[in-house]
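Asker: Dropping the sequence and predicted coords here.
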Amino acid sequence: NAGVTQTPKFQVLKTGQSMTLQCAQDMNHEYMSWYRQDPGMGLRLIHYSVGAGITDQGEVPNGYNVSRSTTEDFPLRLLSAAPSQTSVYFCASNPRQGGNEQFFGPGTRLTVL
Amino acid sequence: DQQVKQNSPSLSVQEGRISILNCDYTNSMFDYFLWYKKYPAEGPTFLISISSIKDKNEDGRFTVFLNKSAKHLSLHIVPSQPGDSAVYFCAAINFGNEKLTFGTGTRLTIIP
């Protein structure tokens, strides 16, 4: 199993550009989520999904869109990138709702100029 | 509103000694607490957890203690090893809303 994979590893955008961060897991986990990590802020939940076709907002959802058309994939879309979205983004999955340990991907480092 | 707090941004400990990382929380509805370890340029990895109905959980060199009345938990690592140098995140979950809430992290450095 590859676990949780994320692409790209690094990305530089200009303000106003849009892009999609990809996340995939091959563990058949129901629950997937996106976090951003900023210095001094820990990891903050952006959006999450409890299964295909179901998504919900986390703590910091503004400026981001998600969809969950399959169990495996959970892409995060930046609609119009802003410098405040410069961060490291982590995707995670776990096998059940309210699950205990989450499995994290390696992260995507995004810089918005 | 920071519901999970790690008030020490960094901690240095001599190799072989005990490392104690602390975490405080404000939400009495949390059902489960977890510790994650993170190396640079990698995703966090699960380390150890504890249910809110317990006060201690041990796994090898790692022990987590929970004091519900004080809303405080701690991670003890003994003996500390150089490979333990990493950022440690405390996290808590309320099974009712299924969201994992993280603290801000403590950078642990083990001095050889």
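Answerer: Sure, I can see it.

Asker: longest single strand anywhere in the chain?
Answerer: With no chain named, the answer covers chain A. strand A:42-51 (DSSP state E).

Asker: Chain B was what I was after
Answerer: strand B:86-94.

Asker: What's opposite the closest residue to chain B within chain A in the beta bridge?
Answerer: For chain A and chain B, the shortest gap (Cβ to the nearest Cβ) falls at A:F104, measuring 3.2 Å. Yep, even glycine has a C-beta here, placed from its N, CA and C like the rest. In this entry, A:F104 is beta-bridged to A:A92, by DSSP bridges.

Asker: Test my guess that it contacts A:F90.
Answerer: Yes. Using Cβ atoms under 8 Å, A:F104 is in contact with A:F90, at 5.2 Å.

Asker: Between these two, which contacts overlap?
Answerer: B:G43, B:P44 (Cβ atoms under 8 Å, 6 or more residues apart in numbering or on different chains).

Asker: what's near enough to touch residue 46?
Answerer: Since you didn't name a chain, this refers to chain A. So A:I46 contacts A:S33, A:W34, A:Y35, A:R36, A:G58, A:E59, A:V60, A:P61, A:Y64, A:V66, A:L76, A:Y89 (Cβ under 8 Å, 6+ apart).

Asker: meant chain B actually
Answerer: A:E101, A:Q102, A:F103, B:L34, B:W35, B:Y36.

Asker: Buried members of these into PyMOL, please.
Answerer: Buried subset of these, written as a PyMOL selection, criterion 16 or more other Cβ atoms under 10 Å in any protein chain shown:
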select buried, (chain A and resi 101+102+103) or (chain B and resi 34+35+36)
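
Asker: Widest-spaced pair of the contacts of B:F46?
Answerer: Maximum pairwise distance among these (Cβ to Cβ): 15.1 Å, between A:F103 and B:W35.

Asker: where does chain B dip in pLDDT?
Answerer: For chain B, no stretch has pLDDT under 70.

Asker: what residues does it put near chain A?
Answerer: B:4, B:6, B:9, B:31-32, B:34, B:36, B:41-46, B:49, B:89, B:93-96, B:98-105 (Cβ under 8 Å from any Cβ of the partner chain).

Asker: Just those residues: which are in helices?
Answerer: Among the residues of chain B next to chain A, no member is found in helices (DSSP state H).

Asker: Just the buried residues of these.
Answerer: If we count by 16+ other Cβ under 10 Å, the residues of chain B next to chain A have these buried: B:4, B:6, B:32, B:34, B:36, B:43-44, B:46, B:49, B:89, B:93-94, B:98-105.

Asker: quick one: buried residues of stretch A:20-38?
Answerer: Neighbour-count burial for stretch A:20-38 [16+ other Cβ under 10 Å]: A:21, A:23-25, A:29-37.

Asker: ok, now stretch A:72-79?
Answerer: For stretch A:72-79, using 16+ other Cβ under 10 Å, the buried residues are A:E72, A:F74, A:P75, A:L76, A:L78.

Asker: Run through the residues of chain A sitting next to chain B.
Answerer: A:4, A:31, A:33, A:35, A:40-45, A:48, A:50, A:58-59, A:90, A:92, A:97-98, A:100-107.

Asker: sorry, back to before: can I get the contacts of A:I46 in a markdown table including pLDDT and secondary structure?
Answerer: As requested, the contacts of A:I46 are exported to a markdown table (pLDDT from 0 to 100; DSSP: H, G, I helix; E, B strand; the rest coil):
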| residue | pLDDT | secondary structure |
| --- | --- | --- |
| A:S33 | 94 | strand |
| A:W34 | 97 | strand |
| A:Y35 | 97 | strand |
| A:R36 | 97 | strand |
| A:G58 | 92 | coil |
| A:E59 | 90 | coil |
| A:V60 | 94 | coil |
| A:P61 | 96 | coil |
| A:Y64 | 97 | strand |
| A:V66 | 97 | strand |
| A:L76 | 98 | strand |
| A:Y89 | 98 | strand |
